[in-house]
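1. Let me see the structure of the following:
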Amino acid sequence: MIFKRKLVPGAWGEFTTQTALTEEQVEQRAAEILGKMTLTEKIGQMSGDMGMPAGFFEMFTSGYNRGVYPAGENLRLGVPGIRFSDGPRGVVLGNSTCFPVSMARGASWSPELEERIGDAIGVEGRSQGANFFGGVCINLLRHPAWGRAQETYGEDSFLLGEMGAALVRGVQRHMLACIKHFACNSMEFARFKVDVKISPRALREVYTPHFKRCVDEGAGAVMSAYNQVNGQWCSQSRPLLSEMLKQEWGFQGVVVSDFIEAVHDARQAALGGLDIEMPFHFHYFRYLKKLVQNGLVPLNVIDAAVLRILRTKLRFAHVGEPQRYVKEAIAGPEHRALAREAAVKSMVLLQNRPVRDGWPLLPFNPERFKKLALIGVLAKTPNTGDGGSSKVRAPHVVTPLEGLQAAWTGELVFDDGKDPHKAAEKARRADVVVVVAGYTHKDEGEYYNHQGGDRLSLSLKPADEALIQAVAAANPQTLVVLVASSAVIMEAWRDKVAGILVSWYCGMEGGHALADLLLGKANPSGKLPCVFPRSPDQLPFFDRNAVEIEYGLYHGYRLMDRDRQEPAFPFGFGLSYTNYVYTFLALDRHSAAAGETITAAVNVTNMGRMAGDEIVQLYVACQGSQVDRPVKELKGFARLHLEVGKTQRVEIKLPVDSLAYYDEESAAWVVEKGSYTALVGPSAGELQKVSFSIV
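-> From the prediction side, this is the model:
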């Protein structure tokens, strides 16, 4: 039997010689294998290896991705299969390391850290028999109510691209990385039906540059989205898959479908540019052979797809470090330490007001605070994110209660907060209070088993808001720790508490990381990857049940800038326990032309009492543009570490071509000549500026 589910360890088996092949050898070997294949075998390369309905039943009874999902194994010719594992919190196999969700990691603004996380994911995937990681999720956060917001890095295309490219680099040291979901997938409940209407300019400037960035980084696979774009299902959209991705961008890898319900028509999908239907014997396996035999799908379309698949397998056949692929690497001490580091660097301090003695609430000083009250059911709940396809089954999750119990040297009392009056009484008797509030997989995430989905409200639950207000009234020395995937509206209570810290879904070591920050063993350094609004009115239109919706140029900080709206907390905002001062902003040149690069430089000095990390952000504004353009756009950033009293001159490169807009009439990118402003600072709301021109 040609198609057989055969789960074996390793990556690609005995597929090539003992050494990696050159590009010329890859082409030659792929053509040789293709020439030996029957039509049935070719179509087998384009299909998942799991049969229907048995595979479907197994997936939903045994638990999603407890084993790898194979595709395209051919025993006769010795062609190995893709062995798929999902993400992005880690490897969705066994009991792997659960890192903070991608939105949290986006808040770290650290591609270096993300690359190390990718390396760890690659090692754990290979150690469990996977060779394909389907967890580089880079869909743009158009609206914070999106259920799967936690699986992406934020609202800005530039930040998405840099973080996604870093994850690709790390993962692909060990296995094939897949970026997803292409394209315009920013809704959960409506994802199987919604038709996104979008202009060519908005598509290319806002919703796909991060995909191109990852393609340019060498991502080996792209997953299509469930939704439609301009009336065509993404899995069979020739404008997206063939024209933009493969022809315009020169993508050399494979295009795979999202699972089960993405493909609607085998002929249209094949002609549109979909190479592999995952994960079952379904449309391709059932219908493609007859479509070819009847002349409805040309054989050269099949051959082109299979050549792509074989080339990709050959290119990745010798990737890896076999000595690292051992059972002990999975959720071992090194990766748990990395998860803790990621959680520390991801949490965002939004508010830290002075309290009774005039010092800011944080970090907690044991001399000032002898008794700590920890309040809220989420403080003792393992809570790592949604329960759908991204669920990582960590061997243990450190809760906030466990983390503080291990680190706090004074008296610690806990209350679940179900009775606000009882909780307020415990708060009144304490020196300082921490309330942990927010969401779980039941409230937001991939809609799975009647749980999750898009949020109905951006505010906390009424019971949580009532609890916070009752506790803060009893003891104003209250810190609220927010557990959420994206923005939360806090206007009902944020002025009543001294501190606010966004912990996101912070992974298996999150409780220890929280204690590190609260006790001053680490300095907060996260910055918001999405704007936090004051009101839903400041956001784009969002209907979670929409059949059709329009996506445009404006959302997030771009929309608020255009409408002159003041957010609760701006994009890129985050406090520290120290104070950074920016001086001597300058450019290396004040005029440049297309194809050239400008360098912005600024001195950053740590003027406080604690070492820490700062994130320097570069935005650019085009003055007097002939087209509608955002007030400013993120074009660069740098994360740096500074000891107390130290100064570092930070340089950020600005390629002039990155300032182009997409001209729909000529279907080309245009670098507009004229006056521009470079804006540099710690957030989108606090920037110094210097002018330059494009000639």
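
2. got a list of what residue 540 touches?
-> Remark: with contacts taken as Cβ atoms under 8 Å, 6 or more residues apart in numbering, residue 540 is in contact with 142, 143, 552, 554, 555, 559. To be clear about C-beta, it is placed using only N, CA and C from the backbone, and glycine gets the same treatment.

3. where does it land on pLDDT?
-> pLDDT, residue 540: 97.

4. same thing with residue 16?
-> Predicted confidence (pLDDT) for residue 16: 55.

5. and the gap between residue 538 and residue 323?
-> Taken as Cβ to Cβ, to the nearest Å, the spacing of residue 538 relative to residue 323 amounts to 52 Å.

6. Kindly report the same for residue 26.
-> Counting by Cβ to Cβ - residue 26 and residue 323 are separated by 25 Å.

7. So for the two, which sits in the more crowded spot?
-> Relative neighbour count places residue 26 above the other of residue 26 and residue 323, with 19 against 6, counting by other Cβ atoms under 10 Å.

8. Which other helices and strands does the helix or strand hosting the more buried one contact?
-> Residue 26 is part of helix 23-36, with elements assigned from DSSP states H and E. The contact analysis (3 or more Cβ pairs under 8 Å, 6 or more residues apart in numbering; DSSP states H and E) places helix 23-36 against helix 299-316.

9. Let me know how buried the residue lying closest to residue 551 once chain neighbours are set aside is, in neighbour terms.
-> In space, and not counting its chain neighbours, residue 551 is closest to residue 198: 4.5 Å by Cβ to Cβ, 6 or more residues apart in numbering. Under the neighbour criterion other Cβ under 10 Å, residue 198 is assigned a count of 21.

10. Give the full set of residues in contact with residue 198.
-> Residue 198 makes contact with 184, 207, 229, 230, 550, 551, 552 under the criterion Cβ under 8 Å, 6+ apart.

11. List just the nearest of those residues to residue 216.
-> Ranking the contacts of residue 198 by separation from residue 216, with Cβ to Cβ as the measure, puts residue 207 on top at 16.7 Å.

12. so what's the closest one up against?
-> Residues in contact with residue 207 (Cβ under 8 Å, 6+ apart) are 140, 157, 183, 184, 198, 551.

13. Give me the buried subset of the residues you listed.
-> Of all those considered here, the ones buried according to neighbour count by 16 or more other Cβ atoms under 10 Å are 140, 157, 183, 184, 198, 551.

14. Return the backbone torsion pair for the third one.
-> When quoted as degrees, to the nearest 10, the phi and psi of residue 183 stand at phi -150, psi 170.

15. Hmm, residue 232 and it touching each other?
-> No. With contact defined as Cβ atoms under 8 Å, residue 183 does not reach residue 232; the gap is 11.2 Å.

16. thought residue 93 was touching residue 131?
-> No. In this structure residue 93 lies outside contact range of residue 131 using Cβ under 8 Å: 11.9 Å.

17. Report the two members of the contacts of residue 207 separated by the largest distance.
-> Pairwise distances across those (Cβ to Cβ) peak at 13.7 Å, for the pair 157 and 198.

18. more neighbours, residue 93 and residue 131?
-> Just comparing residue 93 and residue 131: by other Cβ under 10 Å the higher neighbour count belongs to residue 131, 27 against 23.

19. sorry, back to before: what sits in contact with each of residue 93 and residue 131?
-> Common contact partners of residue 93 and residue 131 (Cβ under 8 Å, 6+ apart): residue 125.

20. just to revisit the earlier point, so which of the contacts of residue 198 are in strands?
-> Secondary-structure check on the contacts of residue 198 using DSSP state E: residues within strands are 229, 550, 551.

21. Next, format those as JSON lines and append distance to residue 293 and pLDDT.
-> JSON lines is the format used below for the ones in strands among the contacts of residue 198 (distance: Cβ to Cβ, whole Å; pLDDT from 0 to 100):
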{"residue": "229", "distance to residue 293": "31", "pLDDT": "98"}
{"residue": "550", "distance to residue 293": "42", "pLDDT": "97"}
{"residue": "551", "distance to residue 293": "40", "pLDDT": "98"}
